[in-house]
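*Asks:* Could you look at this predicted model? Sequence included:
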Amino acid sequence: MKAIELTDVRKTFKQKRVVIEALKGISLSIEQGEVFGFVGPNGAGKSTTIKLILNIISDYQGEAKLFGHDTRDALARHRVGYVPEVVALYEQLSPLEILRTGLDMHDLRPANANDICMKWLERFSVGHVARRPIRNLSKGTAQRVALAHALVVSPRLLILDEPLSGLDPIGRKDVVDILAEYQGGGGTVFLTSHVLHDVERLANRFGLIHRGELKTIQSPNELVGDDELVTVRSSGTKPVPGMTGQNGGRWFAEVRRSVLWQLLRDLENAGHVLIEIKPSLTLESAFLRYLDRVAEPVSAKR
């Protein structure tokens, strides 16, 4: 059974008598236990797709299912955690009360509810503010509370719209680590994000949406490409073919992935110490390059 299944989903909006096609026949399926990254520029249709999956938007064409149930069926959303792009928590409640409310909404009433809630608040490093009103917390802290609220119900699916928004680098790392643990335990994640550097460590596949159309579904490696360049840095005294000398006995090269292993053997034979290997083309730059390729031509003005 698929965690998420969309078939020829279409959604239009009317603005001042103008019909806007927000989604143009989206079809995709996401397996249980998969992390699926849904990426695209602002206005591409990412948030509309999420709202449709969660039945926040119900007037659409096509078919949308969660775990085999139509998304309009309340059963489809049982133990589905959601964090919206703009976090809106009840400001008068405390984080502990927010998480207790989450358990109640999913009809989960364990005897040790407070302990479970505190475990998740502490996991997101906000246990020390568990009883303070949300209104007194920073944006980043409220974001962590919202993520803890989504996970406290032991979700079978997490739907996250820009989950790293408002977090500092340490907060982003914490969230990426927690989501990796969640997936390792069999959890499914559907997420959008503009912070592609962090997200590419998580996602098994990416769907690229542009102007309401799903342009491609690929793995990170497929999107970046096996023939792309890899940056290699090393230190040593002997020159190695293909490596360019730099100050302080350091060496640098950009090589294709297909010859990387041979270069590493050459560096080892020359007694070099390996400093760094990283893709010269990141997922973010590959994403932008792909958008350039699929962009519709603009007709010249007459």
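*Replies:* Sure, I can see it.

*Asks:* And the residue nearest the centre of the protein?
*Replies:* Leu191 (4.0 Å; C-alpha atoms, centre = their mean).

*Asks:* So in terms of bridging, what pairs with that one?
*Replies:* As for beta bridges, Leu191 partners with Gly37, Leu160 under DSSP bridges.

*Asks:* pLDDT score assigned to it?
*Replies:* Listed pLDDT for Leu191 reads 93.

*Asks:* where exactly do the helices run in this structure?
*Replies:* 46-53, 95-105, 113-123, 139-151, 169-184, 196-199, 220-224, 260-269, 283-294 (DSSP state H).

*Asks:* which residues touch the first one?
*Replies:* This points to helix 46-53. The contact list for helix 46-53 (C-beta atoms under 8 Å, 6 or more residues apart in numbering) reads 4, 6, 9, 11, 22-23, 26, 38-40, 57-58, 60, 64, 66, 71, 82, 85, 159, 161, 190, 192, 209. Quick note: C-beta positions are derived from backbone N, CA and C, even for glycine.

*Asks:* Next: the second one.
*Replies:* Taking C-beta under 8 Å, 6+ apart as the criterion, the residues outside helix 95-105 that touch it are 89-90, 93, 109-110, 113-114, 116-118, 120-121, 126, 129-132, 134, 137, 145, 148-150, 152-153.

*Asks:* Ok, the fifth one next?
*Replies:* Counting by C-beta under 8 Å, 6+ apart, the neighbours of helix 169-184 from elsewhere in the structure are 33, 35, 123-125, 140, 143-144, 147, 151, 158, 163-164, 167, 189, 195, 198-199, 201-202.

*Asks:* give me that answer again for 7 Å
*Replies:* The contact list for helix 169-184, computed with C-beta atoms under 7 Å, 6 or more residues apart in numbering, reads 33, 35, 123-125, 140, 144, 147, 151, 158, 163-164, 167, 189, 195, 198, 201-202.

*Asks:* could the helices of the chain be laid out in CSV, adding mean pLDDT and distance to Ile277?
*Replies:* Below are the helices of the chain laid out as CSV (pLDDT from 0 to 100; distance: least, C-beta to C-beta, whole Å):
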stretch, mean pLDDT, distance to Ile277
helix 46-53, 94, 32
helix 95-105, 96, 41
helix 113-123, 96, 32
helix 139-151, 95, 32
helix 169-184, 90, 20
helix 196-199, 70, 16
helix 220-224, 66, 14
helix 260-269, 95, 8
helix 283-294, 66, 16
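
*Asks:* Determine which of those approaches Arg250 most closely.
*Replies:* For Arg250, the closest of the helices of the chain is helix 260-269, at 12.2 Å, according to C-beta to C-beta.

*Asks:* Please list the residues outside that closest one that contact it.
*Replies:* Residues from elsewhere that reach helix 260-269, judged by C-beta under 7 Å, 6+ apart: Val230, Val232, Ser234, Val240, Pro241, Gly242, Ala253, Val255, Leu274.

*Asks:* Please identify the buried residues of that helix?
*Replies:* Buried residues in helix 260-269, counting neighbours by 16 or more other C-beta atoms under 10 Å, are found at Leu263, Leu264, Asp266, Leu267.
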